[in-house]
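Colleague: Sequence first, then the predicted structure, then my questions.
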Amino acid sequence: MATPSACNFQPWRFVVVTNPAVKKAISEQIKPAGPASKAPVVIVVCGDMDHTFEAAPDYWAEDCSAATENVMLAAHAMGLGTIWIGIYPQKERYELLKDLLELPDNIKAFGMIAVGHPAEHPAPKDKWDADKVHYEKW
C-alpha cells in the first residue's frame, strides 16, 4: 500500500482468496488463470471507482498495476513465487470475478496474483535491450 498513485487517491483494494473451491472456479472460468487453482493464495487486485482521480479516472488501472508489481516484489523478497494474471480490461473476466467474489458495484477487478512457493528457481532473465532506451531525444 506504499505504492504511488494519481493524486494519492489510492484506489487499490485487495481480495485474498484461499478457498480451494473459489480458486478452482476462477481457474476453470478464466482460461489463463490455471495457476490460481494450484496456488495457496490468490490476491485479486481491484480498483475502487469511488476513489479515482476525477481529471483522469482511468488512472486507477495504472495505480493498481503499480500496486500489483509492489505485491509481487514483496512476495519475491519473502522467497515466494508469483504469477500475474490479467483481468482488466477484458470485461467478461472482471464481470465474472464480480459475481464470484460478490464485489460491490463500485469495485472493479484489475488482476490476480497467484502466490506460492516456486517449484524451481531459474536464473533471472536478462531482458536489457539498449535499442529501447533513448537519451535526450528519440
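Modeller: Great, that's in hand. Because the structure is a prediction, the values reported are computed rather than measured.
Colleague: Does R93 touch P32 like I think?
Modeller: No. Shown here, R93 and P32 do not form a contact pair, counting by Cβ atoms under 8 Å, at 9.2 Å. (Each C-beta comes from the backbone N, C-alpha and C, glycine too.)
Colleague: neighbour-wise, which of the two wins?
Modeller: Neighbour count, other Cβ atoms under 10 Å: between R93 and P32, R93 has more, with 22 against 13.
Colleague: Spit out the contact partners of the residue lying closest to the more buried one once chain neighbours are set aside.
Modeller: Nearest non-adjacent residue to R93, counting by Cβ to Cβ, 6 or more residues apart in numbering: I87, 4.5 Å away. Residues in contact with I87 (Cβ atoms under 8 Å, 6 or more residues apart in numbering) are I30, V44, R93, Y94, L97, A109, F110, G111, M112.
Colleague: gap between I87 and V45?
Modeller: Per Cβ to Cβ, to the nearest Å, I87 is found 8 Å from V45.
Colleague: Next: A74.
Modeller: In terms of Cβ to Cβ, A74 sits 13 Å off from V45.
Colleague: who's more crowded, these two?
Modeller: Set A74 next to V45 and count neighbours by other Cβ under 10 Å: V45 wins out with 22 against 12.
Colleague: phi, psi of that one?
Modeller: Main-chain torsions, V45, degrees, to the nearest 10: phi -90, psi 130.
Colleague: Lowest average confidence across helices and strands of the chain, where is it?
Modeller: Ranking every helix and strand in the chain by mean pLDDT, DSSP states H and E puts helix 34-38 at the bottom, with a mean of 91.
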